[in-house]
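1. Give me coordinates for this.
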Amino acid sequence: MTIRVEPESVREHAQISCKPLFHSHPFSKLFSAPIYPVLQKGVLRKFIRLLTVTVSLAAVSFAGVTVSSPHNGATVVSPVHVVATATSTNPITSMRIYVDNVSVYVISANRIDTLVSMTTGKHTVVVQAWDSKGTVFKTSITITVGTAPPPPPPPTTGVTVSSPRNGGTLASPIHVVASAFSANPITAMRIYLDSVSVYANTTNKIDTLVKATTGVHNMTVQAWDSQGTVFKAPLSITINPTTTLSAETGNNTSAADSFAAQSNGNAAAGNVSKVATRTLLYPGSTAKIYAHFMPWFGSLKHMSVGYLSNDSQQIKRQVNDMLSRGLNGVNIDWYGVGSDGTDFLTIDHVTQLMMQEVELHPGFTFAITYDQGSLVPCSQNAACNITQRVIDDLNHANVSYWGSPAYQKSGGRPVVYFFFDSTYAIDWDRVRAGVAGNPLFFFLHASGFTHAQSDGAFAWIKPPLATSSDPAALMYLSDYYDTATASSKLSTGSAYPGFDDSLAPWGLHRKVDQQCGQTWLQTLDEAKNHYSTSSQMSGIQLVTWNDYEEGSEIESGIDNCVSVNASAGGTVLSWSISGQANTVDHFSIYISQDGKTLLWLKDAPVSASSMDLAQFNLNAGTYTVYVKAIGKPSLTNKMSSGVQLIVPAP
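-> This is a model prediction of the structure:
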């Protein structure tokens, strides 16, 4: 994403069609001559007018706002589930929720189904709707927000395994979640599978994935405290065939299944590595990893990518995909709340939906990146004050977002990013004084550290700096990090797969070549030249999650241009790859007897090129064997063609 101007949308005007009145002449013949003169004096006309008013009143009686959740006078817990519908004889154009006279949610629809965070105590909630004629309907209720019952106290000593359950049947990899408790500090935990140690850490919690072959296994989760006391929890599990060929080669991302590769470098939706992104940072990095998110797809102003950004199920898929890649949060490109013929209200609605989904995942955060494109309509209106517009938008963000427990904060203060250049003259002192919520202001590029009212800065991407000797524009990142480490202010770095705006309506044919995944690896690796375990980078932003128009998206995956060739001789499986080996994390070996259901056998390091399958004591029969090259984080995975392997009878 770069600074760009979006054209104003044009309202469509539809002609109102009216049905003709019924032909009343035949009815006059029903009346006798003495009665007809009376009717000529207007009695019939008055009767029709009365009938029309009666029918109109009946129609109006069906208009209004119905709040089905929560009920008036109810006691609930936060976030409060608000469900309401609006009806009118004219189309409903928007609805809004007010809590204690403060707007907290808006939608351009006739139905609300959302979660609203509220403090403990009594609140007045008003749900208001507008129809196409400007008629206002509202319903007011009073509720009391209480506190949720406290969770049961944890055990005083021992190991508790919440996943998997003892005796359960499941697929590999196994999601193991466990906690250890003692009167003394827990110093280590370990997972044993069939008496073999498969995982260890030095904390009192485990949340990890463990691979296992098909069959029955004994698992033990063990912990030690500082006095050497041992606690353990044994369980038995059964592993079914782990996966299918279609699952291991099909789309496993939140990108639309229909999304095809594009000329600007965007990969087709495919099978992408879910190795934790953190493995590409310097060893021991504690930096938070954020994805920059575009919320506008489905608008006619933007290309079709196969999904609608305002689809709550799509947002759920996107957050789950981010989590599966080991990300810690999402930064949303946000345009304020202007309703002047733009898509800004829809973008704000998507931000509301994202907040609601993020709040369901403790530890995952969101933030807004305030885009200066939001100021274009104001700049074209002589009566609009740009500084005041910034203040109003940020105060809306304070009410709507900064109070969320999932909002990104530093030192308890909400972080707001500004994707601004010097196009508009803004009185930043006035902005700081006029915005509630005590936010931290992060400005763009290394110059952001010296910006008026700056609390910090964030890096992006600079396509004009890409050269034949520096195709990834690493000099931009190096200069940014040099400035960041010399400053006492906060910083969020960046990494990116590439850039190509040739398909964007506003594009200038700027390009940072993806280099088959090398740009992605190099920009993430650059941080190690400036940070270490003794001098930690606080955060890094992936630029971007889904800017398909500027060719910087990672949602559909980054093509590493690798292919895998496999062969078998006796029980020995061999393989090789074409392409760059440094884009591969490891190999996974699968076998099948039906060509559909796969059984994972074992992983092999990227340095390996063969494996003797005799070690698995396979039953006699004919098998098809596959080698899957698992890419580095967010790079594409590649599966070999099936290779026949015959295991003879003993």
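2. From now on I want contacts and neighbour counts done on CA atoms only, so please keep to that.
-> Will do.
3. which residues of the stretch 51-200 of the chain fall in strands?
-> Under the criterion DSSP state E, counting those that start in this stretch, the stretch 51-200 of the chain contains strands at 64-69, 75-77, 80-87, 92-99, 102-107, 111-116, 121-131, 136-146, 158-163, 169-170, 174-181, 186-193, 196-201.
4. export those to JSON lines and tack on mean neighbour count and mean pLDDT?
-> Conversion of the strands of the stretch 51-200 of the chain to JSON lines gives the following (neighbours: other CA atoms under 10 Å; pLDDT from 0 to 100):
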{"stretch": "strand 64-69", "mean neighbour count": "18", "mean pLDDT": "90"}
{"stretch": "strand 75-77", "mean neighbour count": "17", "mean pLDDT": "89"}
{"stretch": "strand 80-87", "mean neighbour count": "19", "mean pLDDT": "90"}
{"stretch": "strand 92-99", "mean neighbour count": "20", "mean pLDDT": "88"}
{"stretch": "strand 102-107", "mean neighbour count": "19", "mean pLDDT": "86"}
{"stretch": "strand 111-116", "mean neighbour count": "18", "mean pLDDT": "89"}
{"stretch": "strand 121-131", "mean neighbour count": "21", "mean pLDDT": "92"}
{"stretch": "strand 136-146", "mean neighbour count": "17", "mean pLDDT": "92"}
{"stretch": "strand 158-163", "mean neighbour count": "18", "mean pLDDT": "92"}
{"stretch": "strand 169-170", "mean neighbour count": "16", "mean pLDDT": "70"}
{"stretch": "strand 174-181", "mean neighbour count": "20", "mean pLDDT": "92"}
{"stretch": "strand 186-193", "mean neighbour count": "20", "mean pLDDT": "95"}
{"stretch": "strand 196-201", "mean neighbour count": "13", "mean pLDDT": "92"}
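5. Look at the residue nearest to residue 410 when sequence neighbours are not counted and say how many residues are nearby.
-> Among residues not flanking residue 410 along the chain, residue 440 sits closest, at 8.0 Å (CA to CA, 6 or more residues apart in numbering). Look at residue 440: counted by other CA atoms under 10 Å, it has 21 neighbours.
6. picking that back up, between the strands of the stretch 51-200 of the chain, which one is nearest to residue 533?
-> Ranking those by proximity to residue 533 (CA to CA) places strand 196-201 first, at 17.9 Å.
7. On the C-terminal side of that closest one, identify the next helix or strand.
-> For strand 196-201, the succeeding helix or strand toward the C-terminus, using DSSP states H and E, is strand 205-210.
8. helix/strand/coil for the residue lying closest to residue 384 once chain neighbours are set aside?
-> Nearest non-adjacent residue to residue 384, counting by CA to CA, 6+ apart: residue 378, 5.3 Å away. Under DSSP: H, G, I helix; E, B strand; the rest coil, the three-state class of residue 378 is helix.
9. Surely residue 378 and residue 386 touch.
-> Yes - taking CA atoms under 8 Å as the definition, residue 378 is a contact partner of residue 386 at 6.2 Å.
10. for the record, mean pLDDT for stretch 244-251?
-> Across stretch 244-251, pLDDT averages out at 95.
11. Sorry, slip of the keys, the one I care about is stretch 604-616.
-> On average, the pLDDT along stretch 604-616 is 93.
12. Ends of it, what's the gap?
-> 14 Å (CA to CA, to the nearest Å).
13. follow-up on the earlier one: mind checking which of the strands of the stretch 51-200 of the chain is nearest residue 423?
-> Once those are compared by CA to CA, strand 102-107 is nearest, at 29.5 Å.
14. same for the closest one, what does it pack against?
-> Strand 102-107 is packed against strand 92-99, helix 344-358, with contacts defined by 3 or more CA pairs under 8 Å, 6 or more residues apart in numbering; DSSP states H and E.
15. Tell me the helix or strand right after the last one.
-> Read in the C-terminal direction, the helix or strand following helix 344-358 is strand 365-371, with elements assigned using DSSP H and E.
16. Quick check: buried residues in that following strand?
-> 365, 366, 367, 368, 369, 370, 371 (16 or more other CA atoms under 10 Å).
17. Show me where the stretch 201-350 of the chain has its helices.
-> Shown for the stretch 201-350 of the chain, the helices assigned by DSSP state H, counting those that start in this stretch span residues 245-249, 312-324, 344-358.
18. For the second one, buried residues please.
-> Residues 312, 314, 315, 316, 318, 319, 320, 321, 322, 323 are the ones in helix 312-324 that count as buried (16+ other CA under 10 Å).
19. quick one: contacts of stretch 339-355?
-> 8-11, 105-108, 114, 295-296, 299, 309-310, 312, 315, 332, 334-338, 366, 374, 377, 400-401, 404, 406 (CA atoms under 8 Å, 6 or more residues apart in numbering).
20. Please identify the buried residues of that stretch?
-> 342-355.
21. what's the closest residue to residue 72 other than its chain neighbours in contact with, if anything?
-> What sits nearest to residue 72 in space, not counting adjacent residues and going by CA to CA, 6+ apart, is residue 141, at 4.9 Å. Counting by CA under 8 Å, 6+ apart, residue 141 makes contact with 71, 72, 73, 124, 125, 126.
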